[in-house]
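Novice: 3D, please:
(one chain, ligands or ions: 1)
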Amino acid sequence: MKPYLKVNEWRIIEEGFDPERNEVSESVFSIGNGYMGQRANFEEQYGGPSLQGSYMAGVYYPDKTRVGWWKNGYPEYFAKVLNSVNWIGIDVEIDGETLDLARCKTEDFVRTLDMREGTLSRSFTAVLPDGKRVRVESLRFVSVPYKEVGAIRYSVTPLDEPAELKLTPYLDADVVNKDSNYEEKFWDAIAQNAGLDYASVEVRTKKLDFRVASHMVYELAATGDEDQEFHVEADTHKREKFAGVTLSLRAEAGQSITLYKYAANVTSRDHLPEALADTARDLAEDARERGFDALLEAQREAWAEKWRDGDIAIEGDDKAQQAIRFNIFQLHQTYTGEDDRLNIGPKGFTGEKYGGSTYWDTEAYCLPFYLSTADQHVARNLLIYRYKHLEKAKENAAKLGFSKGALYPMVTMNGEECHNEWEITFEEIHRNGAIAYAIYNYVEYTGDTAYLGEYGFEVLAELSRFWEERVTYSERRGAYLILGVTGPNEYENNVNNNWYTNRMAAWTLEYTLEAANILKAENPEALEAVAERIGLTKAETDKWADISARMLLAEDPETGLFLQQDGFLDKEILPVAQLDRSNLPLNQKWSWDRILRSCYIKQADVLQGLFFLGDRYDLETKRRNFDFYEPITVHESSLSPCVHSILAGELGYTDKAYEMYLRTSRLDLDNYNNDTEDGCHTTSMAGTWMSVVHGFGGLRVRGGRLVLNPFSPDSWTSLSFKVGFRGARLKVTVSGGHTTVENEGPEAASLTLYGREIDLPAGESVSGERNPQAGAPDEAVEA
Ligand code: BGC
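Specialist: You can find the predicted model right below:
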């Protein structure tokens, strides 16, 4: 793989313009603020390969399902995040020639994503077809403190001779989604207006009536003699779903003309439809009054706060440093927790793939990141999102023929299932387990047991009701079975007794009963209220206890391996390392028939369960299963290597842990899977974070204490990460096997460092040494 981007600890830098890499860079250099996101498309026109993408969180379209053979139960629609108003556009004309990097030579092209301050910049010299040279510099951001506002500073400097310039800042809602099922345009016009100093558009989706209004205003500045007459002619343009203003002026050779464009984008999700246009106008004008520099300063401050609470510093390995910051940066750009109707799509705001919908990725991979690096309400809102979808999840179960209980969708925008691959979407019922696990994870981490009374227990009870009906009791095997499922490993479909699914189902039933006990002790009124509301009976809870105790968790008697599914050991087992590389990736080289009957595992499956329920299994059990399953895993889901990295770290396989970490951390920066043009692998970025903090840091929560058992890979001089825990902010610095934990306050922290229990007051620090004999966080002992 040819390294393309420059290595820098705080920046992603592309030097030289390569049209073939442009769509990959458009993904990598995306900017967002949780409310909206923008691929790194150029402001000026570009005739080369490009995926235009401006996304407004939560604004989606129910695109009618397209499927070869209809099955009862399929959803009518696939919800997809919409490519929305292009608010960044600025057409540039120099002496009648349109600036388009597909049609001119570029020199000194540099594109930079500054992760410390949350900005995207670009600079280059364009040699136009007529030989004139012009220097262009741009900087843009979507504001974190003023979430509806995007700002651009765009300068043009004719280098050799004076030039007549035309700059046309515009708003364009006449846009399409590349992944539209029927090549349909999703937006209808409501209004478009332009005056000499503004332009605005308002549009509505053809279905669901989401409305978006965008308003832009601008300022123009020129370098040079301040008294010099600066003559600008403005001309307005409008057509359906489009409005802009052309500014014509003469620039001297060497004189820079700078356009500041302020755009506000608002949606009917947050404002009354009749107020949208005025709100957008007021916000855009307010942004212009504050001015570009003040907005930029506020942006820097907002990002400084995010880094203060969640940075990871790696010394001695600049590539790893850049990679981990990139992952953290993209996660914060995607979700802020301000709006409990939103969630995290597998590509965040960096592309259309996966429709911007919510997957189990959120609960299984993303939640821990937000738990540790953001305020508690952020993770809480991720859980409330699912609570709000509970009724739909019950409907979803009913649609599949269940008389009670909730089955959350595998892919959703509004709570309804919106995916239609039967063996994968419908049969991956393990997602219910991840949703229960997230509740447990949140309550364990934060100690917020009140959550159970308010929301959590009801969800758990409905999940348990689902499992109660989904299991089959087998007299022959004397156990409860779960038949006809797909586990996390999507390379085996419609299998019986996927160990992970059975394990998480049994655990959910058990945890539901435990949650009832917590509530009985702490808040019996809340428990009674929920039980009454949902008509919970003792017969049900007794049944849950029985199922959980007698669920089949198949283990091979000879090897003690947990069986990924009933027939797994009938397969021919051949490690991936012995497979000729030309077979990989399997999903591109092999037929589905061949994949399904092979032993190769797409992503962590049994190992996912051993990671989640790590406190229930000893190191030997983990080692046995890891040694068997790891060599036959192909990691063709980006979600896979992180779990392997964490378990490898726990088992003392430090080289493996590092190898797996490298595979996840630079996935998009190095376009490892050759698919980053579709968007970044945002949810797996949370997995990368976990592989550092839970893997190398050995972070777990056990009995209300934060357990740390850190080590740093040999090639790193030191690793330092920050996590919040129950009001304390901890900075953990690891060098080799020596660790210091500083409590930056404001609360004291209950820690277990290398097996030693410490109550660390705010403002104090503590150190410890790793005992090389001790691997697992649950077994770690101080030297
Ligand atoms: C993985 C799923 C995941 C989805 C979205 C698939 O390739 O197998 O586990 O939920 O991608 O990230």
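Novice: From the contact count, pick out the helices and strands touching the helix or strand harbouring residue 372.
Specialist: Following DSSP states H and E, one finds residue 372 within helix 367-373. Here helix 367-373 touches helix 292-310, helix 318-334, helix 376-388, helix 431-446, helix 682-690, strand 718-725, going by 3 or more C-beta pairs under 8 Å, 6 or more residues apart in numbering; DSSP states H and E. Any C-beta I mention is one placed from the backbone N, CA and C, and that applies to glycine too.
Novice: So residue 767, which state does it fall into?
Specialist: Put simply, residue 767 is strand when judged by DSSP: H, G, I helix; E, B strand; the rest coil.
Novice: Hmm, it is touching residue 742, no?
Specialist: No: using C-beta atoms under 8 Å, residue 767 is not in contact with residue 742; the gap is 9.9 Å.
Novice: Show me which of the two is the more surrounded one.
Specialist: Neighbours per residue, other C-beta atoms under 10 Å: of residue 767 and residue 742, the larger number sits with residue 742, 18 against 12.
Novice: Who are the contact partners of that one?
Specialist: Residues near residue 742 by C-beta atoms under 8 Å, 6 or more residues apart in numbering: 730, 731, 733, 764, 765.
Novice: From those residues, which land in strands?
Specialist: Secondary structure defined by DSSP state E assigns 730, 731, 733, 765 of the contacts of residue 742 to strands.
Novice: which one of those is nearest residue 69?
Specialist: residue 730 (54.1 Å; C-beta to C-beta).
Novice: need the contact list for the closest one.
Specialist: Taking C-beta under 8 Å, 6+ apart as the contact definition, residue 730 lies against 706, 722, 723, 724, 741, 742, 743, 744, 749, 751, 760.
Novice: Residue 441 versus that one, what's the distance?
Specialist: Look at residue 730 and residue 441: by C-beta to C-beta, to the nearest Å, they are 18 Å apart.
Novice: do residue 211 as well
Specialist: Here residue 211 is placed at a distance of 37 Å from residue 441 (C-beta to C-beta).
Novice: The helix or strand harbouring residue 189 - contacts with which helices or strands?
Specialist: Using DSSP H and E, residue 189 sits in strand 187-195. Other elements packing on strand 187-195 under the criterion 3+ C-beta pairs under 8 Å, 6+ apart are strand 198-205, strand 233-239, strand 242-251.
Novice: In the shortest one, which residues are buried?
Specialist: Yep, that's strand 233-239 we're talking about. Under the neighbour-count criterion of 16 or more other C-beta atoms under 10 Å, strand 233-239 has residue 238 buried.
Novice: Run the chain-centre distance for it.
Specialist: Taking C-alpha atoms, centre = their mean, to the nearest Å, one finds strand 233-239 lying 39 Å from the centre of the chain it belongs to.
Novice: Around the ligand, which positions in the protein sit nearby?
Specialist: By C-beta under 6 Å from any ligand atom, the residues of the chain that approach the ligand are 346, 354, 359, 360, 361, 488, 490, 602, 603, 637, 639, 683.
Novice: got CSV for the residues you listed, with secondary structure, pLDDT and neighbour count too?
Specialist: Shown next, in CSV, are those (DSSP: H, G, I helix; E, B strand; the rest coil; pLDDT from 0 to 100; neighbours: other C-beta atoms under 10 Å):
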residue, secondary structure, pLDDT, neighbour count
346, coil, 94, 28
354, helix, 86, 23
359, coil, 96, 24
360, coil, 97, 23
361, helix, 96, 25
488, coil, 98, 29
490, coil, 97, 21
602, coil, 97, 22
603, coil, 97, 24
637, coil, 92, 23
639, coil, 94, 24
683, helix, 96, 26
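Novice: Just want the angle from the strand holding residue 189 to strand 198-205.
Specialist: Counting by axes from the mean of the first three to the mean of the last three C-alpha atoms, to 10 degrees, strand 187-195 lies at 170 degrees to strand 198-205.
Novice: Give me the residues contacting strand 187-195.
Specialist: 82, 173-175, 199-206, 211, 236-245, 277.
Novice: now swap in stretch 616-636 and tell me
Specialist: Around stretch 616-636, the neighbours that count as contacts under C-beta under 8 Å, 6+ apart are 491, 559-562, 564, 573-577, 584-587, 599-607, 610, 614, 640-641, 644, 647-648, 650-651, 653, 656, 663, 775-776, 779.
Novice: quick one: terminal-to-terminal distance for that stretch?
Specialist: With C-alpha to C-alpha, to the nearest Å as the measure, stretch 616-636 spans 28 Å from end to end.
Novice: residues touching the nearest residue to residue 143 once chain neighbours are set aside, list them.
Specialist: Nearest residue to residue 143, sequence neighbours excluded (C-beta to C-beta, 6 or more residues apart in numbering): residue 149, at 4.5 Å. For residue 149, the contact set (C-beta under 8 Å, 6+ apart) comprises 142, 143, 262, 263, 264, 283, 284, 287, 295.
Novice: So what's the residue count around the last one?
Specialist: This means residue 295. Counted with other C-beta under 10 Å, residue 295 comes out at 21.
Novice: excluding its backbone neighbours, what's nearest it?
Specialist: Spatial nearest neighbour of residue 295, excluding adjacent residues (C-beta to C-beta, 6+ apart): residue 151 at 5.2 Å.
Novice: Look up which helix or strand that neighbour falls in, please.
Specialist: In the assignment (DSSP H and E), residue 151 maps to strand 149-158.
Novice: starting at the chain centroid, how far to that strand?
Specialist: 29 Å.
Novice: And the closest residue to residue 362 other than its chain neighbours, its phi and psi?
Specialist: Leaving aside its sequence neighbours, residue 362 sits nearest to residue 344 (C-beta to C-beta, 6+ apart; 5.2 Å). Here is the backbone geometry of residue 344 (degrees, to the nearest 10): phi -120, psi 110.
Novice: quick revisit: identify the residues contacting the helix holding residue 372?
Specialist: 306, 309-310, 328, 331, 335, 337, 378-379, 382-383, 438, 441-442, 445-446, 686, 689-690, 693-694, 699, 722-725.
Novice: Hmm, residue 397 and residue 73 touching each other?
Specialist: No: using C-beta under 8 Å as the test, residue 73 is too far from residue 397 to be in contact (11.2 Å).
Novice: Just want to know which of these two has more residues nearby.
Specialist: Legend: neighbour count by other C-beta under 10 Å for residue 73 and residue 397, higher for residue 397 (24 against 14).
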